[in-house]
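J.: next input, structure requested:
(chains A and B)
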Amino acid sequence: METSITVNGLRKRYRVGGSQGYQTLRESIVSRFHRARSGGQERRDSAEDPNYFWALDNVSFEVARGEILGIIGSNGAGKSTVLKILSRITRPTAGRVELYGRVRSLLEVGTGFHPELSGRENIFLNGAILGMRRSEISRKFDEIVAFAEVEKFIDTPVKRYSSGMYVRLAFAVAAHLEPEILLVDEVLAVGDTRFYQKSTDKMRELNERGMTIVLVSHHMWLIQTVCTRGILLERGRVAAEGKPQVIIDHYRRGVQEGTAKDTNGSASDAQVDLRLAELTPFGNWASEREATPESGIRLNVVADIPSHPCVRAFVRATSPDGFVYFTLYSQRFEVPASRRLSCEGVVPRLMLNDGDYDIWVGICSDRETEEVLAETHFPLVVKDGHSFGGSRGAFWNHATWKMV
Amino acid sequence: MIVTAPVELKRESEANSLALPPNETDVSAKDQPRNRDPRGHSRASAAKGPSLIIEAGRRTGLELDNLWAHRDLFYILVWRDIKVRYKQTILGAAWAVLQPLFGMVVFTFLFGRLARVPSEGEPYAIFSYAGLLPWNFFATAVTFGSNSLVSTSNLITKVYFPRILVPTAALGAALLDMSIAAVILLVMMPICGVSYHLSLLLLIPLSALTALTAAAIAIWTAALNVKYRDIRYALPFAIQMLMFLTPVIYPVTFLPTRWRWLLRLNPLSGIIEGFRSAIFGRPFDFIGLAVSILMICLLLVASTYVFRRMEDDFADII
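T.: Alright, predicted model coming up:
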C-alpha cells in the first residue's frame, strides 16, 4: 500500500481568552514585561495552564494513495485544525506531517471571490488562489463553465448571481483542480440536492483516477457513501478509526450519551449485542438501491440479550440529520433461555417521499422509557418516478381522483 | 419488478465491537479498482520520499522557488486590485489624474504663492509635482499594503500561499496610478515652460526605487497590523508627518547644511531629489542616491525578516 499522507504526533495549541485574537501594542509590551519578571521563560509546558488549550493532542494517522478518508467529530474536536495544518494554513505546535504529492485544499467554496468581478474573472482569480496555473485555467475554462451551468451569466458580476449559481461556479473551479491530494472541509452542505449529487459523483470520479481525498464533514450520509475509511476525533484525539459505518455508529452513540466518552471497547457484559441486523427489500423497488414510496422493507435481527427478560424490536426512519419520520415497535418478545433473540419484521409500505433516509433497526427495553439497548442503521434512497410534481411534503400518500 | 437480495447491508459482529463488511452499496457502483492512476507517477512518488514536510518551528528563509511557483497568483492579485480599484465610482480612473492635480494646485497656491517656499528657480508647480509623484505613490502603496493582509483575512484563513505576495501585490494599483500621473507631468512640462531632457528616462529606475521603499514599509506594517491593530490608526498619522520630513514641498537646500544628513537618512529624500534632477535635467546627487539605496536594502532585509517570522501565526491571530 502506497502512502499518501503520514501524520505523526500532531499537536496544536491555541491561546484562549481575550488575547487569542489580535493584540494591541500595549498588551504585548505588558505581557513581555511580565515574562521578563518571571525569569524570561516562556511557559512552554502548559498542560495545566488555563490560558492555553490543545486543539489537537497527539494525533497520528496514515492515508494510503487513493483513499477517501472521512474525519468526523463534534464541534471543537479538532477536525478543521487537522485540515488547516495539512494544507499549511497554520503550523503545528509539535509533530510532523509528510505529504506525498501535490496538495490542494478546499476549505470553503469561492475563497477570494470578488463580488464586483464577473464570473469569468472570478474563475481566473479563484483558480489562481487555489493554486492553478493561468494556462491550466484557460485550458479548462469551458469545462468549468459548463459544469457550473452559468454560461449565460459568465460576464455578469457575481454579486448579481443567485446563491445557487455562486456556489455552483465556485465548486466548478475547485472540481477542476488536479492535485494528488485533495483536502476538503464541510463545503458540500451548501448546494441543492442535485448539485450535491453532481459534486459527490465528481469526487468519486477524481478518486478513481488516483486522487487521495481527506474529507471533513458533519454530513454522515456523505461520509458513509463516499469515504473508504473514517477517523473519529474527540477533544483533539483520535477516538476511533475504521470503516465509515463503524465510526459513525461510534459518533452517534457518543452524541446520544450526551457526553463524548471514550467509546473504544467499553462494552459491558450486560450490554445487548446485535449479532445481525439485515435490511432487505420487500415488494417493488425501483432498482437495486432505490426504493419507491410504495416499496417495503424486511428486517432481520439477531441479538444477544444477557440481562433483560423482555424486549421489543423497533425500526425507525429518519432523515440523515436525524428528523424522525416514524418509529414502529414490535410486540413484547420474551428472551429465550439461550439469551439469543431472533426476529423478523416487515414494513409493507415505507410511504416516504423522495430523499435520503436512515433506517434504524434495534432492540429496546420493554419499559415505558423505551430505552434503546442496541441499534444500527442503513442508508436508504427513495425515488418517486411517477407522481406529478414529485409529490411534495414530509409524507407520501395516495389518492384517487375522477371528474364528476 | 421484484428484486431479491439487493441491499445487502448485512452486519454480523464477531466480538463486542461491530466489525462490518465493506459498504456494499458503494462498491457496487464502481467496478474498477480504486488505486489506479493513469498518470503513472504514483509508483515513483513513494520511492522519492515526501514532497512536503510540515513540522513545528519557524521558517525564515525567503523560499524564492516557492514564490516563483506562485507567480501567477501574484499577477492575478495585482490585476484584481487594478480591476476593482475604481469600480462603482462615477469618475473611475479619472481619480488617478485628479488626485495629484488637486494636490499640485493646492500646494502651489499654499506653499508656492502664500508661504513662498523656494523651488530652486524652477516653476513651483512642476517642482512640487515632481515631489508629489513619488510621494503619492509611496503613501497610497503603504496605506494599501499595510491593510492588505487584514482585508484578505478570508484568504489567509482558508488557503495556503506565500503571504508576502499580498502586501507586495497591493503596490500594483498604486504603480498604475503613478504611471497615469506621470503622463500628466509630461503634458504640463511644456505648459509651465520646462523643456524635455533625455534624463527623463531615469524616472523609470527611480520609480523602481520608490516601489522598493514602499514594498519594504508595506511588508513590515502589514505584518504588524495583523497582530497589532494600532497600526491602522497610527499609520495615516505617521505618513502625514513623514511628508513634512521628506523634501516633497521644499528642496533639500531649504534646510541648513548641518541638518541635511538627517534628511538623507530618509530614503525618499534621495529619490525625490533624483526625480527633480531627472525632470529639470540637472546634475544628480549621487551620494544622496547611494545613501537612499543602502537604506532601502536595510529596510527590505529587516522587513522581510519580521514578516517571515510572523507569517506562520497569521492564520491563527488575524
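J.: look up the pLDDT of whichever residue of the stretch 201-350 of chain A sits closest to chain B for me, please.
T.: Taking C-beta to the nearest C-beta, chain B has its nearest neighbour within the stretch 201-350 of chain A at residue A:210, 3.1 Å off. From N, CA and C alone the C-beta is placed, and that goes for glycine too. Looking at residue A:210, its pLDDT is 89.
J.: verify the stated contact: it with residue A:180.
T.: Yes: counting by C-beta atoms under 8 Å, residue A:210 does reach residue A:180; the two are 7.4 Å apart.
J.: the residue of the stretch 201-350 of chain A closest to chain B: what secondary structure?
T.: coil (DSSP: H, G, I helix; E, B strand; the rest coil).
J.: where does the stretch 101-250 of chain B come near chain A, residue by residue?
T.: Contacts of the stretch 101-250 of chain B with chain A, taken as C-beta under 8 Å from any C-beta of the partner chain, map to B:152, B:154-161, B:226-230.
J.: give me the subset of those residues lying in helices.
T.: Among those, the members falling in helices (DSSP state H) are B:154, B:155, B:156, B:226, B:227, B:230.
J.: looking at the residues you listed, which has the most residues close by?
T.: Greatest neighbour count in those, by other C-beta atoms under 10 Å in any protein chain shown, goes to residue B:226: 24 neighbours.
J.: so who does it touch?
T.: If you count contacts by C-beta atoms under 8 Å, 6 or more residues apart in numbering or on different chains, residue B:226 has them with A:22, B:149, B:150, B:310, B:314, B:317, B:318.
J.: can these go into TSV with extra columns for secondary structure and pLDDT?
T.: Formatted as TSV, these follow (DSSP: H, G, I helix; E, B strand; the rest coil; pLDDT from 0 to 100):
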residue	secondary structure	pLDDT
A:22	coil	53
B:149	helix	93
B:150	helix	92
B:310	helix	88
B:314	helix	88
B:317	helix	84
B:318	coil	80
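J.: would you map the helices across the stretch 1-150 of chain A?
T.: Ranges of helices in the stretch 1-150 of chain A, per DSSP state H, counting those that start in this stretch, are A:25-37, A:79-86, A:119-129, A:134-148.
J.: the third one and chain B, are they touching?
T.: Yes: using C-beta under 8 Å from any C-beta, helix A:119-129 comes into contact with chain B via A:121, A:124, A:125, A:128, A:129.
J.: now for those: which two are most distant?
T.: A:121 and A:129 (12.5 Å; C-beta to C-beta).
J.: which stretches of chain B have low pLDDT?
T.: Scanning chain B for pLDDT under 70 picks out the ranges B:1-48, B:58-61.
J.: chain A - how does it break down into domains?
T.: A:79-257, A:273-387 (automatic domain parsing).
J.: in a markdown table, list those domains along with distance to residue B:103.
T.: Shown next, in a markdown table, are these (distance: least, C-beta to C-beta, whole Å):
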| stretch | distance to residue B:103 |
| --- | --- |
| domain A:79-257 | 27 |
| domain A:273-387 | 60 |
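J.: deepest of those, which one?
T.: Among the domains of chain A, domain A:79-257 has the highest mean neighbour count (mean count of other C-beta atoms under 10 Å in any protein chain shown), at a mean of 20.
J.: name the residue of the stretch 101-250 of chain B that lies nearest to chain A.
T.: residue B:160 (3.9 Å).
J.: thought that residue was touching residue A:86?
T.: No: the criterion here is C-beta under 8 Å, and residue B:160 misses it with residue A:86 at 9.8 Å.
J.: list residues touching both of the two?
T.: By C-beta under 8 Å, 6+ apart, residue B:160 and residue A:86 have these common neighbours: residue A:105.
J.: just say helix, strand or coil for residue A:152.
T.: Residue A:152 ends up helix, using three-state DSSP.
J.: cool, and residue A:302?
T.: Classified using three-state DSSP, residue A:302 is strand.
J.: residues contacting it?
T.: The contact partners of residue A:302, by C-beta under 8 Å, 6+ apart, come to A:274, A:275, A:276, A:277, A:340, A:341, A:342.
J.: tell me the one among those residues nearest to residue A:145.
T.: For the contacts of residue A:302, the nearest to residue A:145 is residue A:277 (46.4 Å; C-beta to C-beta).
J.: tell me the bridge partners for that closest one.
T.: residue A:301, residue B:11 (DSSP bridges).
J.: all strands for the stretch 1-150 of chain B, in order.
T.: B:11-12, B:52-55 (DSSP state E, counting those that start in this stretch).
J.: so what strands line up beside the longest one?
T.: Read that as strand B:52-55. Counting by DSSP bridges, the strands paired with strand B:52-55 are strand A:94-99 (antiparallel).
J.: what angle do the strand it pairs with and helix A:79-86 make?
T.: 70 degrees (axes from the mean of the first three to the mean of the last three C-alpha atoms, to 10 degrees).
J.: for the nearest residue to residue A:331 once chain neighbours are set aside, phi and psi?
T.: Nearest non-adjacent residue to residue A:331, counting by C-beta to C-beta, 6 or more residues apart in numbering or on different chains: residue A:312, 7.2 Å away. Main-chain dihedrals, residue A:312, degrees, to the nearest 10: phi -130, psi 150.
J.: residue A:312 and residue A:333 touch, don't they?
T.: Yes: the pair residue A:312 / residue A:333 is scored as a contact, 6.5 Å apart, by C-beta under 8 Å.
J.: got the angle for the host helix or strand of residue A:198 vs helix A:134-148?
T.: Element membership of residue A:198, judged by DSSP states H and E, is helix A:193-208. Counting by the same axes, to 10 degrees, helix A:193-208 lies at 140 degrees to helix A:134-148.
J.: can you name every helix or strand that helix A:193-208 contacts?
T.: helix A:163-175, strand A:212-216, helix A:220-226 (3 or more C-beta pairs under 8 Å, 6 or more residues apart in numbering or on different chains; DSSP states H and E).
J.: pLDDT of the first one, averaged?
T.: Pointing back at helix A:163-175 there. Here the average pLDDT along helix A:163-175 is 85.
J.: what's it packed up against?
T.: Counting contacts by 3+ C-beta pairs under 8 Å, 6+ apart, helix A:163-175 packs against helix A:119-129, helix A:134-148, helix A:193-208.
J.: in CSV: those, plus distance to residue A:249.
T.: Formatted as CSV, those follow (distance: least, C-beta to C-beta, whole Å):
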stretch, distance to residue A:249
helix A:119-129, 38
helix A:134-148, 35
helix A:193-208, 21
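J.: of the ones you listed, which shows the lowest average pLDDT?
T.: Averaging pLDDT over each of the helices and strands packed on helix A:163-175 puts helix A:193-208 lowest, since it has a mean of 79.
J.: mind checking how far the helix holding residue A:198 is from the chain centre?
T.: Centroid separation for helix A:193-208 versus its chain: 14 Å, with C-alpha atoms, centre = their mean, to the nearest Å.
J.: just the CA atoms from it would do, formatted as CSV, please.
T.: Provided in CSV are the C-alpha atoms of helix A:193-208 (Å, rounded to 0.1, in the frame of the first residue of the first chain):
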residue,chain,number,x,y,z
THR,A,193,-29.6,18.2,-3.8
ARG,A,194,-28.9,17.8,-7.5
PHE,A,195,-25.7,19.7,-7.3
TYR,A,196,-24.7,17.8,-4.2
GLN,A,197,-25.1,14.6,-6.2
LYS,A,198,-23.1,16.0,-9.0
SER,A,199,-20.3,17.0,-6.6
THR,A,200,-20.1,13.7,-4.9
ASP,A,201,-20.0,12.0,-8.3
LYS,A,202,-17.2,14.3,-9.3
MET,A,203,-15.3,13.4,-6.1
ARG,A,204,-15.7,9.7,-6.8
GLU,A,205,-14.5,10.2,-10.3
LEU,A,206,-11.4,12.1,-9.2
ASN,A,207,-10.7,9.4,-6.7
GLU,A,208,-11.0,6.7,-9.3
